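Peer 1: the sequence and its predicted three-dimensional model are supplied below.
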Amino acid sequence: MPFTVHQTSAENVIGATDAALQKPSGVDRDLVASFLDTTPDYAEQALLMACELGFLTQPQPGMFAVASQCAVYLSTASIEAKAAVMRFLLEQYEPYKTFKARLSINGVLGDAATQTRALHGIPQHRQIIMGTFSDLGTYAQSLVSEGGGLYRPREDNPRSYLLVLDQVIQDRETAVMTVRRKLGEAAAAWINPQEVLDHLVTAYQRLAQPNPDPRAPIVHAANAVESFLSQLAATHGVNVAAATGLNAKADVLANSHHLATKHKFILKYLGHVRNAADHGTDAEIGHQWGITEDTSVEYVHVAITSIRCIVDHLQNRFFV
């Protein structure tokens, strides 16, 4: 396959991947530019490099979506563990493997980039290859910066970072078990594992990160609830294709007598907090709403319990 190396940084690749994870329908360069507070061109370079590494895919021109579970690990892991996830995919990327091998032989970054460009037929200039690979490699702890623009491959046992990666996977599995337990056996078995459960687990993990962004767990949990409502509507043969957002879907289901009033208003709480977290400036107050850490924590738990109670209602068990 032809390779292209894009001018970007590890920070932007991680940010672009995180943005795609929060929008299951996919993201474009303009959305990611706003998410990263950068230009559309830089956002697109980050998205394309994330595709090269296997974190994202491009289902249609200009749109980007999550390609692998590694994207989830990259978004939910600690800083140290993010480096391990990045290194795992980076060191499987053929041009980087060549770059690192040539660097270990000649010790000159520019020469390694030139030789990598020639061997893989990469169209980009060696300066782009050199800049991107040195940044990604340093972040991933695959390269060591010695100062003065000099780098060398890290000489360590790969087992050390693979153990970190293994812990990331174990943490994810622990979070899955915890969320399934909170949902209860009936709801955990009923919901769609990819479109609902995965988002709930990601929301739960984002709460556990040091100094978490309080908006991110809300966005993931809201995505789970909205997907759950689509699943519920399909079960009842209700068309919610034109109902955009969590509130609109709740209204359609309630008006079709497939959602209890009390459950509808719990969902309205979730919908309005999601809008505050995700929709920028509120026309009523002329400002963007801040999100407290307590609200973020409570939101994820209410999202889980609301799904559990609505599934209970399907089976003639009545809880809020």
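Peer 2: Alright, I've got the coordinates. Residues are numbered from 1 along each chain as shown.

Peer 1: when you work out contacts or count neighbours from here on, use the C-alpha atoms and nothing else.
Peer 2: Fine.

Peer 1: now the nearest residue to Ala243 once chain neighbours are set aside: how far from Ala208?
Peer 2: Excluding its sequence neighbours, the residue lying closest to Ala243 (Cα to Cα, 6 or more residues apart in numbering) is Lys249, at 5.3 Å. As judged by Cα to Cα, to the nearest Å, Lys249 and Ala208 stand 30 Å apart.

Peer 1: so the two - more neighbours on which side?
Peer 2: Neighbour tally, Lys249 and Ala208, criterion other Cα atoms under 10 Å: the higher count belongs to Lys249, 26 against 14.

Peer 1: check contacts around Gly54.
Peer 2: Ala67, Ser68, Leu89 (Cα atoms under 8 Å, 6 or more residues apart in numbering).

Peer 1: measure the last one to Leu162 for me?
Peer 2: Same thing as Leu89. Distance, Leu89 to Leu162, by Cα to Cα: 11 Å.

Peer 1: and for the second one?
Peer 2: In this view, Ser68 and Leu162 are 18 Å apart by Cα to Cα.

Peer 1: same check on Lys100?
Peer 2: 18 Å.

Peer 1: can you pull the contacts of Glu155?
Peer 2: Contact analysis of Glu155 by Cα under 8 Å, 6+ apart lists nothing.

Peer 1: same question, Glu52
Peer 2: Residues near Glu52 by Cα under 8 Å, 6+ apart: Phe3, Thr4, Val5, Tyr93.

Peer 1: could I get the full set of helices for the stretch 201-320 of the chain?
Peer 2: Under the criterion DSSP state H, counting those that start in this stretch, helices of the stretch 201-320 of the chain are mapped to 215-236, 246-255, 261-278, 293-314.

Peer 1: show me the contacts for the residue at the greatest distance from the centre of the chain.
Peer 2: For the chain, the largest distance from the centre (Cα atoms, centre = their mean) belongs to Asn106, which lies 37.3 Å off. By Cα under 8 Å, 6+ apart, the residues touching Asn106 are Ala112.

Peer 1: per-residue pLDDT of it, please?
Peer 2: pLDDT for Asn106: 89.

Peer 1: ok, Val320 touching Thr261?
Peer 2: No. Using Cα atoms under 8 Å, Val320 makes no contact with Thr261, being 10.9 Å away.

Peer 1: confirm Glu146 sits in a strand?
Peer 2: Yes. The assignment for Glu146 is a strand, going by DSSP: H, G, I helix; E, B strand; the rest coil.

Peer 1: just checking, it touches Thr138?
Peer 2: No. Using Cα under 8 Å, Glu146 makes no contact with Thr138, being 10.6 Å away.

Peer 1: alright, calling it a day.
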